[in-house]
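Trainee: would you be able to build a 3D model of this:
(2 chains)
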Amino acid sequence: MRVSLRVGGKRTDNHVGELLGSYLDGQLSTREMARVEAHLLSCAQCRQELEQMRRLLALLRLCPPARPKRNFALVPEAASRVERRRLLFTPVAAAVAVLVLCLSIYAEVRLSRVAEPPGLSLPGVSLVPPIASVALQEAPSAAVAGAPIEATGQPTPAPRGQPQALLGPPAAPEAAGVRPGDGREEGGTSLAVTPAVGQGRPTARPFGFRTGEIWRPLLRSIQLLSGGVFVGLVVYWALRVRRERYSP
Amino acid sequence: MVSKSLTELEDAELVRRARGGDLQAYNALVLRYQTLVYNIAGRILIDWDLAQDVAQETFLRAYQNIGGFRGGSLRAWLARIATNCAHDMLRSKRRHPTTSIEDLGPSEADYMSLFGSGAQSPEGAVIAAELARAIDVAISCLPVDQRAALVLVDLNGFDYREAAAALGIRLGTLKSRLGRARARLRQLLREHEELLPPSLRL
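Mentor: Predicted coordinates:
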């Protein structure tokens, strides 16, 4: 009675139907339990529902389990199929993606190192001295700058053979940065050098890359692709693990 | 000889052996838990034939992922995989609805053979089958997430914590789903009490 008075003052007529089961299981918090008990004292309908709930839970517990009609033990063939699935796919694919990514980054680093500083030992870079010497003789224009390129087997700015495309033209533009040093060593008018080669270099930039640097967009797309594959695999793996893993 | 000793081993030991590739040890676990897994699948799908496929798939997936089991309750882990498989099956069923004539659901005879075989008397078998069928009809009206909570706690004896872990939800969420499921079920079985055998009406 004490309780019902308190509840009556609050005017709670929201029933407690959804809490009755947990109440019977003893799984309510102290506050919820007080609320249910208070409500039950004042609500005949919920008292009746409580009784029905008690019967319902007993009934559900009474229901026997279904007997499976067959056995679900794994036969060895199924097990080994699963083992192969388990062992391999995701980790190996992810490792391959990482490997490709690393290789392409390494290749890019190597190739741009070749293109930038005076790596004189490399065949493509041996283009530099001829241009420089021609320029030093103050042969001023594109026509002359083009001649030594032809001499080394680069007839047109547009690359034809793959290895030449990789190494030939990139060396030429970068040579502009390199040459002042070379020029000074050889003595002579280094000032005339820069404009001459600036006009002479193959300038077409179809996709924002210099023509000769086809390897750049190529490597970039390989990097993006393998990076994307790797991220996708990791996400897939994480989702699957999360889904199957039970953490107590 | 070997299988006899396997059935006496604890779950943890069998899991350890199964991880090392011992299929016999794994199959001892399968035998131990197949009734549970089959019942969870059957009650969530309300289709006791499909439940066989789901149970088989559950044990395949569990074998595949047994490295991901980090101790704790094995049956809750299996229950989790089983409910996931059952959900996948429900989704694919919705995507490819079959309209064959066998789709009318299991008959009374099916329920008798599934649920009545353990009964002591023929009358007991009939009552068990009627009860099981009434429960199936009633819980088919529940949303799947509520149904899963009820199936684990009230029909398979999970405690709240285990069930929440198995469903990957928080305890509070489990309580409210279970509460709603039970309240709705009570209401349904009151309104359609003809579903239940007379001695068991609410």
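Trainee: just after the helix or strand harbouring B:S5, pick out the following helix or strand.
Mentor: Using DSSP states H and E, B:S5 falls within helix B:2-8. Heading C-terminal from helix B:2-8, the first helix or strand you meet, by DSSP H and E, is helix B:11-19.
Trainee: quick one: pLDDT of residue 11?
Mentor: Chain wasn't specified; assuming chain A. Turning to A:R11, the model gives it a pLDDT of 42.
Trainee: look at chain B instead
Mentor: 94.
Trainee: and it, how many neighbours?
Mentor: By other Cβ atoms under 10 Å in any protein chain shown, the residues close to B:D11 number 17. Every residue, glycine included, has its C-beta placed from N, CA and C.
Trainee: which non-adjacent residue is nearest it?
Mentor: Among residues not flanking B:D11 along the chain, B:L74 sits closest, at 4.6 Å (Cβ to Cβ, 6 or more residues apart in numbering or on different chains).
Trainee: low-confidence stretches in chain A?
Mentor: Within chain A, the stretches with pLDDT under 70 are A:1-13, A:84-89, A:115-212, A:240-248.
Trainee: report the longest helix in it, please.
Mentor: Here the longest helix in chain A is taken by residue count, with DSSP state H as the criterion, and it is helix A:215-244.
Trainee: reduced to three states, what does B:I169 come out as?
Mentor: Following DSSP: H, G, I helix; E, B strand; the rest coil, we place B:I169 in the coil state.
Trainee: got the contact list for it?
Mentor: B:R177 (Cβ atoms under 8 Å, 6 or more residues apart in numbering or on different chains).
Trainee: how close does it sit to B:L142?
Mentor: Computed as Cβ to Cβ, to the nearest Å, the B:I169 to B:L142 distance reads 16 Å.
Trainee: how about B:D110?
Mentor: If you measure B:D110 against B:L142 using Cβ to Cβ, the figure is 22 Å.
Trainee: who has more neighbours, the two?
Mentor: Per other Cβ under 10 Å, whichever of B:D110 and B:L142 has more neighbours is B:L142, with 20 against 15.
Trainee: nearest to chain A: which residue in chain B?
Mentor: In chain B, the residue found nearest to chain A is B:G72; the distance is 2.9 Å by Cβ to the nearest Cβ.
Trainee: just give the closest residue to B:I127, not the sequence neighbours.
Mentor: Leaving aside its chain neighbours, B:I127 sits nearest to B:P197 (5.0 Å; criterion: Cβ to Cβ, 6+ apart).
Trainee: you'd agree that neighbour is up against B:A129?
Mentor: No - in this structure B:P197 lies outside contact range of B:A129 using Cβ atoms under 8 Å: 9.4 Å.
Trainee: list the contacts of A:M33.
Mentor: The contact partners of A:M33, taken as Cβ under 8 Å, 6+ apart, are A:Y23.
Trainee: what helix or strand is it located in?
Mentor: With the criterion set as DSSP H and E, the secondary-structure element containing A:M33 is helix A:30-42.
Trainee: next one: A:C102
Mentor: A:C102 belongs to helix A:89-115 when elements are defined using DSSP H and E.
Trainee: how big is the angle separating the longest helix of chain A from helix A:89-115?
Mentor: Orientation note: helix A:215-244 sits at an angle of 160 degrees relative to helix A:89-115 (axes from the mean of the first three to the mean of the last three Cα atoms, to 10 degrees).
Trainee: list the buried residues for helix A:215-244?
Mentor: Of the residues in helix A:215-244, those buried by neighbour count under the rule 16 or more other Cβ atoms under 10 Å in any protein chain shown are A:215-216, A:219, A:222-223, A:226-227, A:229-230, A:233, A:244.
Trainee: swap in stretch A:17-30?
Mentor: Within stretch A:17-30, the residues that qualify as buried by neighbour count (16+ other Cβ under 10 Å) are A:17-25, A:27-28.
Trainee: now, which of these lie close to chain B?
Mentor: Restricting these to those touching chain B (Cβ under 8 Å from any Cβ of the partner chain) yields A:17-22, A:25, A:27.
Trainee: nearest spatial neighbour of the residue nearest the centre of chain B, skipping sequence neighbours?
Mentor: Closest residue to the average C-alpha location of chain B: B:I40 at 0.9 Å, with Cα atoms, centre = their mean. Nearest-residue entry for B:I40: B:A82, 4.7 Å, with adjacent residues in sequence omitted and distances by Cβ to Cβ, 6+ apart.
Trainee: isn't the residue of chain B closest to chain A right up against B:A166?
Mentor: No - with contacts defined as Cβ under 8 Å, B:G72 does not count as touching B:A166, sitting 10.4 Å away.
Trainee: ok, how many other residues are close to B:D159?
Mentor: By other Cβ under 10 Å, 13 other residues sit near B:D159.
Trainee: let me see the contact set for it.
Mentor: B:D159 makes contact with B:V153, according to Cβ under 8 Å, 6+ apart.
Trainee: pLDDT value on it, please?
Mentor: As summarised for this prediction, B:D159 has a pLDDT of 95.
Trainee: check contacts around the residue nearest to B:I127.
Mentor: B:P197 makes contacts with B:126-127, B:130-131, B:134, as judged by Cβ under 8 Å, 6+ apart.
Trainee: okay, stretch B:74-84 in PDB with CA atoms only?
Mentor: Once non-C-alpha atoms are left out, stretch B:74-84 reads as follows in PDB (Å, rounded to 0.1, in the frame of the first residue of the first chain):
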ATOM      1  CA  LEU B  74      32.000 -22.600 -27.400                       C
ATOM      2  CA  ARG B  75      28.300 -23.000 -27.700                       C
ATOM      3  CA  ALA B  76      27.800 -19.200 -27.800                       C
ATOM      4  CA  TRP B  77      30.400 -19.000 -30.600                       C
ATOM      5  CA  LEU B  78      28.700 -21.700 -32.600                       C
ATOM      6  CA  ALA B  79      25.400 -20.000 -31.900                       C
ATOM      7  CA  ARG B  80      26.800 -16.900 -33.400                       C
ATOM      8  CA  ILE B  81      27.900 -18.600 -36.600                       C
ATOM      9  CA  ALA B  82      24.600 -20.400 -36.800                       C
ATOM     10  CA  THR B  83      22.500 -17.200 -36.500                       C
ATOM     11  CA  ASN B  84      24.800 -15.600 -39.100                       C
END
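Trainee: quick check: buried residues in it?
Mentor: For stretch B:74-84, the buried set under the neighbour-count rule, 16+ other Cβ under 10 Å, comprises B:74-84.
Trainee: model confidence over it, on average?
Mentor: Averaging pLDDT residue by residue across stretch B:74-84 gives 96.
Trainee: contacts for it, please.
Mentor: Judged by Cβ under 8 Å, 6+ apart, the contacts made with stretch B:74-84 from elsewhere in the structure are A:243-246, A:248, B:11-12, B:15, B:29, B:33, B:36-37, B:40-41, B:44, B:54-55, B:58, B:61-62, B:65, B:69, B:148, B:152, B:156, B:158, B:162-163, B:165-168.
Trainee: switch the cut-off to 7 Å
Mentor: With Cβ atoms under 7 Å, 6 or more residues apart in numbering or on different chains as the test, stretch B:74-84 has contacts from A:243-244, A:246, B:11, B:15, B:33, B:36-37, B:40-41, B:44, B:54, B:58, B:61-62, B:69, B:148, B:152, B:162, B:165-168.
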